[in-house]
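Colleague: return atomic coordinates for the entry below.
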Amino acid sequence: MNNLGSAEHFATFTGDYYHDFLTALAQGDAATLITYAPEGQSSAWLMMTHAYGLATYYFAAATPQAKRELAPDALVWKMIQVARERKCHTLDLMGIGSEDAPQFAHLDTFKTKFAAEPTQVWTYGEIPINMLRYRLVLRLTELRDQLARIRTVMRHAPRQ
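Modeller: Residues are numbered from 1 along each chain as shown. As a prediction, the model looks like this:
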């Protein structure tokens, strides 16, 4: 997953992140990993969740060759089939470009070919009531994330 996870437009997570995401949700049978491996070697993958009638497309990656072979389209088709098997009535492809998220504009062509008209969703914004408390929460969140990254590095550091 790490090799396929490095896409041009995204900061990618470590393989552990994807593994932990899938493992945690698969225990409740709420996640599926779909792979494209025409010659026995995975060259594209997609992770989805499914629960309470909603299927959600979370992560995907493909090699340049797999993209030429239209593997991402095949994976979305398989995701639609899995969603139907799981009795999902809604499929959320998550994230296309907008005024609030222009960094996702490159996804528009791929994702909008699966729906006649994208569904507009509300985005959230934070309105701090207590600025001191808000800044404290932001800083604590940053520290928590830094500690998590350090733990991940330490967990994979060579043992002496």
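Colleague: what's stretch 34-41 in contact with?
Modeller: Residues from elsewhere that reach stretch 34-41 (Cβ atoms under 8 Å, 6 or more residues apart in numbering): 42-48, 62, 66, 69, 71, 74-75, 78-79, 82. Placement of C-beta: from N, CA and C, glycine included.
Colleague: would you map the strands across the protein?
Modeller: 31-36, 44-51, 54-62, 90-92 (DSSP state E).
Colleague: what residues are up against residue 72?
Modeller: 44, 46, 60, 62, 66, 110.
Colleague: report the lowest-confidence entry in the contacts of stretch 34-41.
Modeller: Taking those together, the minimum pLDDT is found at residue 42 (85).
Colleague: do you know how far the closest residue to that one other than its chain neighbours is from residue 64?
Modeller: Nearest residue to residue 42, sequence neighbours excluded (Cβ to Cβ, 6 or more residues apart in numbering): residue 35, at 4.7 Å. Separation of residue 35 from residue 64 (Cβ to Cβ, to the nearest Å) stands at 17 Å.
Colleague: the two: which is more packed in?
Modeller: residue 35 (15 against 8; other Cβ atoms under 10 Å).
Colleague: for the protein, just list every one of the helices.
Modeller: Ranges of helices in the chain, per DSSP state H, are 2-5, 15-26, 64-68, 71-85, 108-112, 131-156.
Colleague: any idea of the angle the second one forms with strand 44-51?
Modeller: Think helix 15-26. 30 degrees (axes from the mean of the first three to the mean of the last three Cα atoms, to 10 degrees).
Colleague: what helices and strands are in contact with helix 15-26?
Modeller: Applying 3 or more Cβ pairs under 8 Å, 6 or more residues apart in numbering; DSSP states H and E, one finds that helix 15-26 contacts helix 2-5, strand 31-36, strand 44-51, strand 54-62, helix 131-156.
Colleague: any idea of the angle it forms with strand 31-36?
Modeller: 120 degrees.
Colleague: quick check: buried residues in helix 15-26?
Modeller: 17-18, 21-22, 25 (16 or more other Cβ atoms under 10 Å).
Colleague: what's the farthest-apart pair in the residues you listed?
Modeller: 17 and 25 (12.7 Å; Cβ to Cβ).
Colleague: give me the common contacts of those two.
Modeller: By Cβ under 8 Å, 6+ apart, no residue touches both residue 17 and residue 25.
Colleague: thinking again about what came up before, quick check, nearest of the contacts of stretch 34-41 to residue 130?
Modeller: The closest of the contacts of stretch 34-41, once distances to residue 130 are taken by Cβ to Cβ, is residue 47, at 37.3 Å.
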